[in-house]
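1. Give me the fold of what follows.
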Amino acid sequence: MENLRRQVISLFIDNYHVLRKHFRFKASSRVLRLCSLILSLKDIRISVNEMEKAFRYIKQHTHLFSPFRYYMAPAAAFSIISEKSYDKAFNRIAACKRALKTAGIGPSSRLVPAAMVLFAASSEGSELVLAARALSIIRKMKDWNFSERYEELFAPAVLVAASEFPGKEVVSQSSNILRALDIRDPGQTRGLHFLFQIMSYYSGTPESAAERCAGIYSRLVKMKFRSPAMFYGSIGFLALSGLDFDLAVFEAMDTMNLLKLGKCFTVFEKEQAMLIASAIVAAVHLKEFSSDTFQLHSVIPAQVAACIL
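-> Next comes the predicted model:
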């Protein structure tokens, strides 16, 4: 596992610097890191030519003010990792957006990240069913008051809808986690939906999910994150990894330091660095226990996308 983690880190660093060199004027460093993760967890070395083709195709098939233009880099990255050609993959992302809109979600530019998440976390033909399920989950999440913006719930709700355990009552699992975290300050509950979107893929009981989240929470809370999405996202990935609490945090910190040495993050970007590092740790260790490479390579980048975009 250690060798695999190092390989993923090395590929992430290489991909990020190529993306920075060629696409720094088309997307922020934050988004290019997401693109690097999307490619690296699929064990793909960036092809500048393929990425440019995907950019051109998206530009040619969207209007000037389309929200896809704003999210073009991650849409291109998700398109080129698909087993299909990038054009067919992007057409399906666009179809996912239409399915969400048909279900009654939106209108909002945040439908685009939700569409990319739906594309990455589901199989073709399931879009309408999952979109309708996501709408129901959004309504439940809205009642939790964990987000100040309704649109922020779209992508997390899609991930919960697409998980293998949609029958697992999301509300009961969330209440178990809330009790275990013992959060006294109501302000600290902002962003908890980013944790629940990840833990919906946890195959254990709600009680063990809560125990794992609390164990990681007590170790990460000292880092004093300012971004709830990245804080709770990091907790979720490390809880999902199945590792001992201290070992999970150690591996994430080691991964983060290696990414910083590789000049992927500055000292002022510890929150996104920890999120990416935690996602890498989870992906590497889930591969050991699961033959479901679709879940490993597609859902984790989608979960990170929901936290970042």
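
2. So in the protein, which helix runs the longest?
-> helix 2-23 (DSSP state H).

3. Give me the contact list for it.
-> Outside helix 2-23, the residues that touch it by Cβ atoms under 8 Å, 6 or more residues apart in numbering are 27, 29, 32-33, 35-37, 39-41, 43, 45-46, 48, 51-52, 73, 251, 255, 258-259, 262-264, 276, 280-281, 283-284, 287. Yep, even glycine has a C-beta here, placed from its N, CA and C like the rest.

4. what pLDDT, on average, does it get?
-> Average pLDDT, helix 2-23: 95.

5. any idea how far the secondary structure element (helix or strand) that residue 96 belongs to is from the chain center?
-> Using DSSP states H and E, residue 96 falls within helix 86-103. Remark: helix 86-103 is offset 18 Å from the chain centroid, using Cα atoms, centre = their mean, to the nearest Å.

6. Check stretch 84-101 too.
-> 18 Å.

7. What are the buried residues along the longest helix of the chain?
-> 5, 8-9, 11-20, 23 (16 or more other Cβ atoms under 10 Å).

8. ditto for stretch 276-289
-> Buried residues in stretch 276-289 (16+ other Cβ under 10 Å): 276, 277, 278, 279, 280, 281, 282, 283, 284, 285, 286, 287.

9. The first one touches residue 35, doesn't it?
-> Which is residue 276. No: the criterion here is Cβ atoms under 8 Å, and residue 276 misses it with residue 35 at 11.5 Å.

10. Report the two of the buried residues of helix 2-23 separated the most.
-> Within the buried residues of helix 2-23, two members stand farthest from each other by Cβ to Cβ: 5 and 23, at 26.1 Å.

11. now the stretch 101-250 of the chain, which segments are flagged as low pLDDT?
-> In the predicted model, the stretch 101-250 of the chain carries pLDDT under 70 at residues 164-173, 183-188.

12. For it, just list every one of the helices.
-> 111-121, 127-144, 154-162, 170-181, 192-199, 206-220, 228-240, 245-261 (DSSP state H, counting those that start in this stretch).

13. Please export the C-alpha coordinates of the second one as PDB.
-> Just to be clear, that refers to helix 127-144. Extracted in PDB, the C-alpha atoms of helix 127-144 (Å, rounded to 0.1, in the frame of the first residue of the first chain):
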ATOM      1  CA  GLU A 127     -29.700   9.500 -14.400                       C
ATOM      2  CA  LEU A 128     -33.400  10.200 -14.200                       C
ATOM      3  CA  VAL A 129     -34.000   7.800 -11.300                       C
ATOM      4  CA  LEU A 130     -31.100   9.100  -9.300                       C
ATOM      5  CA  ALA A 131     -32.000  12.700 -10.000                       C
ATOM      6  CA  ALA A 132     -35.400  12.200  -8.600                       C
ATOM      7  CA  ARG A 133     -33.900  10.500  -5.500                       C
ATOM      8  CA  ALA A 134     -31.500  13.400  -5.200                       C
ATOM      9  CA  LEU A 135     -34.300  15.900  -5.000                       C
ATOM     10  CA  SER A 136     -35.900  14.000  -2.100                       C
ATOM     11  CA  ILE A 137     -32.500  14.000  -0.300                       C
ATOM     12  CA  ILE A 138     -31.900  17.700  -1.000                       C
ATOM     13  CA  ARG A 139     -35.200  18.400   0.800                       C
ATOM     14  CA  LYS A 140     -34.100  16.400   3.800                       C
ATOM     15  CA  MET A 141     -30.700  18.100   3.900                       C
ATOM     16  CA  LYS A 142     -32.300  21.500   3.700                       C
ATOM     17  CA  ASP A 143     -34.100  20.800   7.000                       C
ATOM     18  CA  TRP A 144     -30.800  20.100   8.700                       C
END
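
14. With distance to residue 306 and mean neighbour count added, can I get the helices of the stretch 101-250 of the chain in TSV?
-> Converted to TSV, these look like this (distance: least, Cβ to Cβ, whole Å; neighbours: other Cβ atoms under 10 Å):
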stretch	distance to residue 306	mean neighbour count
helix 111-121	6	28
helix 127-144	12	19
helix 154-162	4	29
helix 170-181	15	18
helix 192-199	6	29
helix 206-220	17	20
helix 228-240	8	28
helix 245-261	19	19
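
15. To residue 90, which of the ones you listed lies closest?
-> Short answer: helix 111-121, nearest of those by Cβ to Cβ, at 9.0 Å.

16. now the closest one and helix 192-199, what's the angle there?
-> 20 degrees (axes from the mean of the first three to the mean of the last three Cα atoms, to 10 degrees).

17. Can you spell out which helices and strands pack onto helix 111-121?
-> helix 67-70, helix 72-80, helix 86-103, helix 127-144, helix 154-162, helix 300-308 (3 or more Cβ pairs under 8 Å, 6 or more residues apart in numbering; DSSP states H and E).
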